[in-house]
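S.K.: I'd like to go over a predicted model; first the sequence, then the structure.
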Amino acid sequence: MKIVVIGGTGLIGKKLVSNLRGQGHEVVAASPSTGVNAVTGEGLPEALQNAQVVIDVANSPSFDDKPAMEFFEKSGRNLLAAEASAGVKHHIALSVVGTDRLLASGYFRAKMAQENLIKAAAIPYTIVRATQFFEFVNAIAQSATEGQTVRLSSAQLQPIVSDDVAAALAEFAVETPLNDTIEIAGPEKIPLTDLVQSYLNATSDSRQVITDAKARYYGLELNDQSLTPGENPRLGSTRFADWLKNSTAR
C-alpha cells in the first residue's frame, strides 16, 4: 500500500516512515526538504499519486497565533484538495489531547481549525489526539525557568513517548477510517511538577521546580483535565521513568 507521511522528516515522521517501510509499505516521506510543501502546494500532486493513505504529522514552525493559524489552514486546505483529486481513501492527522479545552491559546485554535477542515471534507478520516511527548519535557522546563527555579503547576499530565505515537499511527494506517477522533496517551498520569523535576534530577540539572497553582503553561492555566485524555484512550506501553533511565544512559 502507498502511504504518504506529511512531515515525514520530523520527530514523529521519521519513526513512522521507518515503521511503515518495515511493514512492507511504499512510503513517501513528504516535507519541504524532500520537495513537498503542503503550505504552498508544491509537489503534492506528484507525491499523492496512487496513494491510499495520507498521514499528516506536520507541525507549525511557529506557535504564535497568526502564523500557526495560517499554517494549519493553508496546509489543511491544500492537502485535502490534493487528496480528493488523487482518490486518497484515508486521511489521518495527528492532533493534541485538550485541543477543544484550551481554545484560549491561538495554537490550539489553529489545531481545532485543522480538525474542522478534516471533518468537513469528503475523505474518510481518523484524527489522533496525543498527549505531550516525553521528548518535550526539556522545552517545558525552559519555558518556565526563572533563574535557577522552574515555576510550574502541579496539574496532571499523561505524557507519551514519540515511539509509541509513531507505532499507534502505523496501526491506524492499516485500519478502517474511524471518521472520528481517538486519543492516545502514556500508561500513567504524572503531575507536571514531578515530571520536570525528575527530568532535571536525571540530567544533573541544578534547577529546582517550584509548585505554583497559578503558573502558566505556555500562557495557559491548567487543571487536571486540561491535558489528560478522557475515557478509554489507547495507551502506549513506555513509562516515563524507564525512558528517562534509557535516555540518560545513552
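M.R.: Alright, I've got the coordinates.

S.K.: can you classify residue 201 by secondary structure?
M.R.: On the three-state scheme (DSSP: H, G, I helix; E, B strand; the rest coil), residue 201 is labelled helix.

S.K.: and the one 5 residues further on, by the same measure?
M.R.: Recorded secondary structure, residue 206: coil (three-state DSSP).

S.K.: contacting residues around the residue nearest to it when sequence neighbours are not counted?
M.R.: Excluding its sequence neighbours, the residue lying closest to residue 206 (CB to CB, 6 or more residues apart in numbering) is residue 148, at 6.5 Å. Just so you know, the C-beta spots here come from the backbone N, C-alpha and C atoms, and that holds for glycine as well. Residues near residue 148 by CB atoms under 8 Å, 6 or more residues apart in numbering: 206, 207, 208.

S.K.: at which residues are the strands of the chain located?
M.R.: For the chain, the strands defined by DSSP state E cover 2-6, 26-30, 53-56, 90-96, 125-130, 145-146, 149-152, 156-157, 180-185, 190-191, 208-211, 234-235.

S.K.: partners of the second one in the sheet?
M.R.: The one in question is strand 26-30. strand 2-6 (parallel) (DSSP bridges).

S.K.: any buried residues in the longest helix belonging to the chain, and which?
M.R.: Taking DSSP state H as the criterion, the chain has its longest helix at helix 65-86. Within helix 65-86, the residues that qualify as buried are 68-69, 71-73, 75-80, 82-83, 86, counting by 16 or more other CB atoms under 10 Å.

S.K.: pLDDT below threshold where in the protein?
M.R.: 250 (pLDDT under 70).

S.K.: and residue 113, what does it touch?
M.R.: 69, 72, 73, 76.

S.K.: which members of those are the farthest-apart pair?
M.R.: Farthest-apart pair in those is 69 and 76; separation 10.5 Å (CB to CB).

S.K.: next, count neighbours for residue 242.
M.R.: Per other CB atoms under 10 Å, the neighbour tally for residue 242 reads 11.

S.K.: for residue 199, see how far away it is.
M.R.: 13 Å (CB to CB, to the nearest Å).

S.K.: sorry, back to before: alpha carbons only: can I get the longest helix of the chain in CSV?
M.R.: This file holds the C-alpha atoms of helix 65-86, laid out as CSV (Å, rounded to 0.1, in the frame of the first residue of the first chain):
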residue,chain,number,x,y,z
ASP,A,65,-1.4,32.9,16.9
LYS,A,66,-1.4,34.2,13.3
PRO,A,67,1.4,32.1,11.8
ALA,A,68,0.0,28.9,13.4
MET,A,69,-3.5,29.5,12.0
GLU,A,70,-2.1,30.3,8.6
PHE,A,71,0.0,27.2,8.6
PHE,A,72,-2.8,24.7,9.6
GLU,A,73,-5.5,26.3,7.4
LYS,A,74,-3.3,26.6,4.2
SER,A,75,-1.7,23.2,4.6
GLY,A,76,-5.0,21.6,5.5
ARG,A,77,-6.9,23.0,2.5
ASN,A,78,-4.1,22.2,0.1
LEU,A,79,-3.7,18.7,1.4
LEU,A,80,-7.3,17.8,1.5
ALA,A,81,-7.9,19.1,-2.1
ALA,A,82,-4.9,17.2,-3.4
GLU,A,83,-6.1,14.1,-1.7
ALA,A,84,-9.6,14.4,-3.2
SER,A,85,-8.0,14.7,-6.7
ALA,A,86,-5.8,11.7,-6.1
